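In: After the sequence you'll find the predicted model.
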Amino acid sequence: MTQRLVAAIDQGTTSTRCMVFDASGSVLGAARREHRQILPRPGSVEHDAAEIWARAQEAVAGALRAAGVRAADLAAVGITNQRETTVVWDRATGRPVHRALVWQDTRTESLCAELAGGHGRDRFAAATGLPLASYFSGPKIRWLLDHVPGVRDRAERGELLFGTLDTWLLWNLTGGALHVTDVTNAARTLLMNLRTLDWDEEILAAMEIPRSLLPEIRSSAEVYGRARGVLEGVPITAVLGDQHAALFGQHCFAPGDAKATYGTGAFLLLNTGREPVPSRHGLLTTVGFRLGGEPPVYALEGSIANTGSLTRWMRDGLGLIGDADEIEALAASVPDNGGLYLVPAFSGLFAPHWSPDARGVLAGLTGFAGRGHLARAALEATAYQTREVLDAMALDSGLRLDSLRVDGGMTANGLLMQTLADVLDLEVVRPSVIETTCLGAASAAGLVAGVWPDLDALRARWRRDAAWTPSGADGGFRDRKYRKYRKAVELAKGWLDADDVIEGA
């Protein structure tokens, strides 16, 4: 078999997948393996990095079997990953010093407030494009250095390594030969300067993080090295954080192109071109992707903490549905939300509010409301949160969208997609391959390996599967409902008092 096949490993928040693509972009085989969600106390979310590595190997082997191919048939492999999640491990043994601190983990909130001090949450924003928030990796590294016995001393002696999950996978895939990351993942640590694309020494000093812990920063698409083990000999030629991979997989190559990925949370990225656009409306400025030695492409991002996790809460926490897929039928059983507005601030609000002291609110509750109204309010919450982010993007960039490309598991919910189109007053387009994180990583890897010659060849492969257009509802009514949601958001803010915050110990 000629080497016109590309694999992608997608290490996500709840599972690790591997998919094998042919040169047309079709999926030949896929496999997925879940890992545990470890919740030791309120606000703390952890993963077992060793378990993730084991599940990743199983997913790769399963995908190769499903595709009926061997590792030797692959031209290249790309990696995409949950970002910000932080692992520190022993350079010699490869053993993590603590469970990984997941991007959702909020135990570093008091540290972020301390670092902000009199400077404010935007202390490092000019360099990094990010506010000081528990979301990012830098404060998580500092927490591990300060709270795990012996870790700071070992780090300062150069015995330990830090990585987000891409770095952890690369290190293990290459038998410890590579300690590297790419610009998209580095941009999410709160430690990389957006213009130099290198670690910022002043920020490292302020956070008291030894540089020896940190990986080398490379572009998103280049030859990193060759894999060992289950992918023996296969070139590793692309690494992108999951949302950046989705931006690439949705072929948002030009300024003004935007995508929204709906999974555990929702993540919207807008391509802003070769210059970073500072946000004044609660968004993140980040690197979209960088191909080889070319200048980076920048993006504005709005991150929403709870979308798919809201459906899981209705299933597991409330028992309103037996399966996540049932929410669409339940929501469709009523004509509207019955006056209910749900703000799912389970661990605070992300973009554009960045309000860690917020907690969830259900507003407008009356005796009339039932299960269907709550389900509909949950779907509308995802749409309203999306509108908040797109409004902020328009204010920051001056760009207004003609359509929004969507992907992720939640896009199978047709009622949610129509609700999005109505709330946004915008066409919503779903591609034929909705797992665009894997597709993006595979596309970037295949570019380097010569499976596809250029971006135009990739553009030619993109196909729409479905589209939803606004139903033409009265704009005044739409805006009144949005105002009600925004009113509920204000109720959610400031719920926690200083003595309510539970820190990890």
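Out: Structure's in. What do you need?
In: can I get the CA coordinates of stretch 292-306 in CSV?
Out: Taking Å, rounded to 0.1, in the frame of the first residue of the first chain, the C-alpha atoms of stretch 292-306 are listed here in CSV:
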residue,chain,number,x,y,z
GLY,A,292,6.8,25.4,9.3
GLY,A,293,8.9,28.5,9.0
GLU,A,294,6.0,30.8,7.9
PRO,A,295,4.8,33.6,10.1
PRO,A,296,2.1,32.5,12.6
VAL,A,297,-1.6,33.0,12.0
TYR,A,298,-3.3,34.6,15.0
ALA,A,299,-6.9,34.2,16.3
LEU,A,300,-9.3,35.6,18.8
GLU,A,301,-10.9,32.9,21.0
GLY,A,302,-13.9,32.7,23.2
SER,A,303,-14.0,29.8,25.6
ILE,A,304,-17.3,28.6,27.1
ALA,A,305,-16.9,26.2,30.1
ASN,A,306,-20.1,24.2,30.0
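In: Show me what counts as buried in stretch 152-162.
Out: 152, 154-155, 159-162 (16 or more other Cβ atoms under 10 Å). No exception for glycine: its C-beta is placed from N, CA and C like everyone else's.
In: Which pair of those spans the longest distance?
Out: Using Cβ to Cβ, the two most remote members of these are 152 and 161, lying 14.4 Å apart.
In: ok, back up a step: okay, and which of the buried residues of stretch 152-162 map to strands?
Out: If you go by DSSP state E, those have 160-162 in strands.
In: Format the residues you listed as a markdown table; extra columns: distance to residue 228 and pLDDT.
Out: Converted to a markdown table, these look like this (distance: Cβ to Cβ, whole Å; pLDDT from 0 to 100):
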| residue | distance to residue 228 | pLDDT |
| --- | --- | --- |
| 160 | 22 | 98 |
| 161 | 18 | 98 |
| 162 | 22 | 98 |
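In: Which member of those is positioned nearest residue 112?
Out: Closest approach to residue 112 among those (Cβ to Cβ): residue 162, at 18.0 Å.
In: Phi and psi next, for the residue lying closest to the closest one once chain neighbours are set aside.
Out: By the measure of Cβ to Cβ, 6 or more residues apart in numbering, the closest residue to residue 162 outside its immediate chain neighbours is residue 213, 4.3 Å from it. Here is the backbone geometry of residue 213 (degrees, to the nearest 10): phi -70, psi -30.
In: ditto for the one 10 residues further on
Out: In terms of degrees, to the nearest 10, the main-chain angles of residue 223 are phi -80, psi 110.
In: ok, how many other residues are close to it?
Out: Per other Cβ atoms under 10 Å, the neighbour tally for residue 223 reads 15.
In: Identify the residues contacting it.
Out: Neighbour list for residue 223: 235-237, 448 [criterion: Cβ atoms under 8 Å, 6 or more residues apart in numbering].
In: Go through those and flag which are in helices.
Out: Applying DSSP state H to these, the entries found in helices are residue 448.
In: I'd like the contacts of residue 223 written out as CSV, with distance to residue 126 and pLDDT added.
Out: Formatted as CSV, the contacts of residue 223 follow (distance: Cβ to Cβ, whole Å; pLDDT from 0 to 100):
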residue, distance to residue 126, pLDDT
235, 37, 97
236, 33, 98
237, 33, 98
448, 33, 96
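In: Going by neighbour count, which residues of the longest helix along the chain are buried?
Out: Counting residues, the longest helix in the chain under DSSP H turns out to be helix 371-397. For helix 371-397, burial by neighbour count (16+ other Cβ under 10 Å) applies to 372-390, 392-393, 396-397.
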